[in-house]
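*Asks:* just to be clear, the model below is a prediction. Sequence and coordinates:
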Amino acid sequence: QVQLVESGGGSVQAGGSLRLSCAASGLPFGSYAMGWFRQAPGKRREFLANISGNGRSTYVVSSVRDRFTIFRDNDKAAVYLQMTSLEREDTAVYFCGASRSLSTGEGFYDHWGQGTQVTVSS
């Protein structure tokens with residue numbers, strides 16, 4: 001059974017940093033691209049970043065590229081999203097997903113975590 005478990009969310013003041021983690025099990029982790037998405041209240045799920053199975057290719061959307069970094073540790077079967085200079089607009093539930101292709105599209109992700117809440121206050 002595939003499981004993706006996010007952690008690291010919480011409440012932080014604007015300007016602060018958080019590192020989200022996503023621990024994977026039940027799948028050949030290095031064979032999957034991983035992605036991070038978020039969903040704010042009343043909004044659609046939004047793609048943020050992805051990383052190839054071997055970690056050599058990454059992509060972060062331009063709106064957060066100067067503040068968010070994605071990386072992975074295949075030995076630990078984990079992917080991370082380092083977030084800095086957080087803004088109130090970053091408040092959302094953050095999800096990780098696993099995909100057989102390096103994709104930005106939500107529909108290409110086969111497995112999802114349950115999400116972790118990030119709340120940024122000013």
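*Replies:* That came through fine.
*Asks:* elements contacting the helix or strand where residue 96 lies?
*Replies:* Following DSSP states H and E, the helix or strand that holds residue 96 is strand 92-99. On a contact count with 3 or more Cβ pairs under 8 Å, 6 or more residues apart in numbering; DSSP states H and E, strand 92-99 meets strand 3-7, strand 18-25, strand 33-39, strand 46-51, strand 78-83, strand 109-112, strand 116-121. For glycine as for every other residue, the C-beta is placed from the backbone atoms N, C-alpha and C.
*Asks:* what's around the nearest residue to residue 3 once chain neighbours are set aside, how many residues?
*Replies:* Closest residue in space to residue 3, ignoring its immediate chain neighbours: residue 25 at 4.9 Å, by Cβ to Cβ, 6 or more residues apart in numbering. Here the number of neighbours of residue 25 (other Cβ atoms under 10 Å) works out to 11.
*Asks:* please apply the same query to residue 84.
*Replies:* By the criterion of other Cβ under 10 Å, residue 84 has 14 neighbours.
*Asks:* surely it is in contact with residue 67?
*Replies:* Yes: the pair residue 84 / residue 67 is scored as a contact, 5.2 Å apart, by Cβ atoms under 8 Å.
*Asks:* nearest to residue 96, of the helices and strands packed on strand 92-99?
*Replies:* Nearest of the helices and strands packed on strand 92-99 to residue 96, taken as Cβ to Cβ: strand 18-25 at 3.4 Å.
*Asks:* partners of that closest one in the sheet?
*Replies:* strand 3-7 (antiparallel), strand 78-83 (antiparallel) (DSSP bridges).
*Asks:* contact partners of the shortest one?
*Replies:* Contact partners of strand 3-7, identified using Cβ atoms under 8 Å, 6 or more residues apart in numbering, comprise 20-26, 94-98, 111-116.
*Asks:* same question for stretch 50-59.
*Replies:* Identification of contacts with stretch 50-59 by Cβ under 8 Å, 6+ apart yields 29-36, 49, 70-72, 74, 79, 99, 102-104.
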